[in-house]
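*Asks:* Below are the sequence and a predicted model for it; my questions follow.
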Amino acid sequence: MVKIDQYLNKFKEKITKRENNITLISPQKETMVFDAVNLDTNNTCNQRCRFCFTSFNEKPINMDINTFKAVLEVLPLVKDYAGGGYGFYFSCIYEPTINPLFLEYLDLLPDIAKNKCFLTTNLAKPMDEGFIKRLLSANIRLVNISIESLKPERFEYITQNKKFNHYINNLNTLEKVINEIDIDIPILRFITILLKENKDEIIDLVKYTCKHFPIESHEIRTPFINYYENMGWNKKQYLSKEEVDEIITQLNKLECIVDTVIMSSEDLEKYENEENNKENEKLDSYQKAINRFKIVEDYEYLFLRINSDGTCIDKKNNVAEKISLENPRKYFKDKLFELYSYRSEAAACSDYGGYENPDSGDGFILVDKISENDAYIEFTGWCCPDRKVNTDKLIIKLTGLDGDVNYYHASTKKRFDADEFKEKEKGWCGGYTTYIDKNKLKNNKYYIDLIYETETSQIISYRWENFILSLN
Ligand code: SF4
């Protein structure tokens, strides 16, 4: 429950200045960072798991060492694990240990990687104690290990790798080294893809990893669905809701930390129907903005994918481009700026018109956050309008004290933390976030108005009373 007085007092702590009963609010400065960088130093694997979403049709390429050193320049620009980031994935969709330079690369990871670097391995390549010790001694935060089955025939069927003995030997060696080694080892996590093939073994797999290893968690997840050729096989592996519920009930009884990312076959069908229906929708400008926000607010939006051939792909352009080896730090900084800037492009409302004289409403406008980075000002909060409006359709208007006017769409979200107001205002309460392009603002002080439509297309404007956005 939110208490309005507490809320306002908390927010006023951030206030910078008061002028004639008007409070000037200056955005808090924030640094631009990638939430994650997903690297692969090779594009091959020593298994062919039936659920794998990767295509192995490309020419095999191992990253050369100069490119790898250039890629490491991105590390200071990656949010670290403690800061809520997803980190620097040393390996993402292929198997890193089969790269002949794997151990050399590990040795090159600087201290700063210790709180950022993740690595995933299938543990299928034969590894001796020395190899595993070097892996555990590297500047790595977390090691994910795949475990689909401990039954030899089943393992070999699922992974299409006939060397179960290598896998089980590696697990035993890993356990031995962990028990003997006297250093601070990376966090360990096991991951199992839940399939019809291994559903009866899931509980035993979790019990095994929990008993033999000091794990942070064991993750159980359903196979990915995307557009590669084997998705038919993956779809058939989805369990019914009843089966999923039964497995989750059993997992909850274990004294182990288990993370589940599980979709049932019913969930999958519903998801696919929704996606198909969306394709046929006629979109108005709000819905188009919603689709843009879906991209720039996706949790993977600030991820950068780096391929073994020295190219990278971001979520905005979705095209592979060569990383500059001359000045990689600048290249990555420019890439960050481009991604951040695109958020304000997504929010920009260029075709808003005809509503220059809306009716004035009288509602609460509350602000959680006003921050600024080199590209945009982020404005986030929630609002309780005084009448029934469509809280999913919101335009935020900035009016400069010297007359500069700008309109932005806002992404709108349910705010369950605002239940007290939701009750009071009969449900007309919604959250919002927008991204304002700093370079487009011509004045340094702005009024902020939230503009909603009612169900009868009346336009209502709510001013953030007594507050002015003040820019330096
Ligand atoms: S180990 Fe990973 S990359 Fe290799 S085939 Fe299996 S899922 Fe794909």
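*Replies:* All right, it came through fine. Residues are numbered from 1 along each chain as shown.
*Asks:* When you work out contacts or count neighbours from here on, use the C-alpha atoms and nothing else.
*Replies:* Noted.
*Asks:* Just give me the neighbour total for the closest residue to C384 other than its chain neighbours.
*Replies:* What sits nearest to C384 in space, not counting adjacent residues and going by Cα to Cα, 6 or more residues apart in numbering, is C429, at 4.3 Å. Per other Cα atoms under 10 Å, the neighbour tally for C429 reads 31.
*Asks:* K236 now?
*Replies:* Using other Cα under 10 Å, K236 has 11 neighbouring residues.
*Asks:* Distance of it relative to K196?
*Replies:* The gap separating K236 from K196 is 8 Å, by Cα to Cα, to the nearest Å.
*Asks:* Point out where the stretch 301-450 of the chain drops to low pLDDT.
*Replies:* Applying pLDDT under 70 to the stretch 301-450 of the chain flags residues 351, 353-355, 419-427.
*Asks:* mind listing the helices for this structure?
*Replies:* For the chain, the helices defined by DSSP state H occupy 4-12, 65-71, 102-108, 129-137, 152-159, 164-180, 202-212, 231-236, 241-252, 265-280, 285-296, 328-347, 419-424.
*Asks:* Please enumerate the shared neighbours of K236 and K196.
*Replies:* Between them, K236 and K196 share no contacting residue under Cα atoms under 8 Å, 6 or more residues apart in numbering.
*Asks:* If you count neighbours, what's buried in stretch 118-135?
*Replies:* Residues of stretch 118-135 classed as buried: F118, L119, T120, T121, N122, L123, A124, K125, M127, I132, K133, L135 (neighbour count, 16 or more other Cα atoms under 10 Å).
*Asks:* Also stretch 215-227?
*Replies:* I215, S217, H218, E219, I220, R221, T222, P223, I225.
*Asks:* Count the neighbours of the residue nearest to S324 when sequence neighbours are not counted for me.
*Replies:* Closest residue to S324 apart from its sequence neighbours, by Cα to Cα, 6+ apart: Y331 at 6.2 Å. Y331: 16 surrounding residues under other Cα under 10 Å.
*Asks:* I'd guessed Y331 sits against C312; true?
*Replies:* No - counting by Cα atoms under 8 Å, C312 is not a contact partner of Y331; they are 10.9 Å apart.
*Asks:* May I have the beta-bridge partners of the nearest residue in space to S350 that is not next to it in sequence?
*Replies:* In this structure, S350 finds its nearest non-sequential neighbour in Y407, 7.3 Å apart by Cα to Cα, 6+ apart. Partner residues in beta bridges with Y407, using DSSP bridges, are K397.
*Asks:* what does stretch 117-131 rub up against?
*Replies:* 46-47, 87-92, 95-98, 103, 139-147, 163-164, 166-167, 169-171, 173-174, 177.
*Asks:* Of these, which ones also sit close to the ligand?
*Replies:* When contact is defined as Cα under 6 Å from any ligand atom, those meet the ligand at Q47, E95.
*Asks:* If any of the contacts of stretch 117-131 are buried, put those into a ChimeraX selection.
*Replies:* Buried residues within those, by 16+ other Cα under 10 Å, are selected in ChimeraX with:
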select :46,47,87,88,89,90,91,92,95,96,97,98,103,139,140,141,142,143,144,145,146,147,163,164,166,167,169,170,171,173,174,177
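*Asks:* with the buried residues of stretch 118-135 in mind, which one is nearest to I396?
*Replies:* The shortest approach to I396 among the buried residues of stretch 118-135 belongs to F118, at 39.5 Å (Cα to Cα).
*Asks:* shaky segments in the stretch 51-200 of the chain?
*Replies:* 82-85.
*Asks:* Show me which residues of it sit near the ligand.
*Replies:* Within reach of the ligand by Cα under 6 Å from any ligand atom, the stretch 51-200 of the chain has these residues: C52, T54, I93, Y94, E95, N122.
*Asks:* 5 Å - rerun?
*Replies:* By the rule Cα under 5 Å from any ligand atom, the part of the stretch 51-200 of the chain lying against the ligand is C52, Y94.
*Asks:* got the contact list for the residue nearest to S350?
*Replies:* A348, C349, S350, Y352, I395, I396, K397, L398.
*Asks:* again with I448
*Replies:* I396, K397, L398, T399, R463, W464, I468, L469.
*Asks:* do you know how far the nearest residue to it once chain neighbours are set aside is from the ligand?
*Replies:* Excluding the flanking residues, the one nearest I448 by Cα to Cα, 6+ apart is L398, at 4.9 Å. Distance of L398 to the ligand, computed by Cα to the nearest ligand atom, to the nearest Å: 49 Å.
*Asks:* next one: L109
*Replies:* L109 sits 22 Å away from the ligand, going by Cα to the nearest ligand atom.
*Asks:* Next up, the contacts around that residue.
*Replies:* Residues in contact with L109 (Cα under 8 Å, 6+ apart) are L72, A138, N139, I140.
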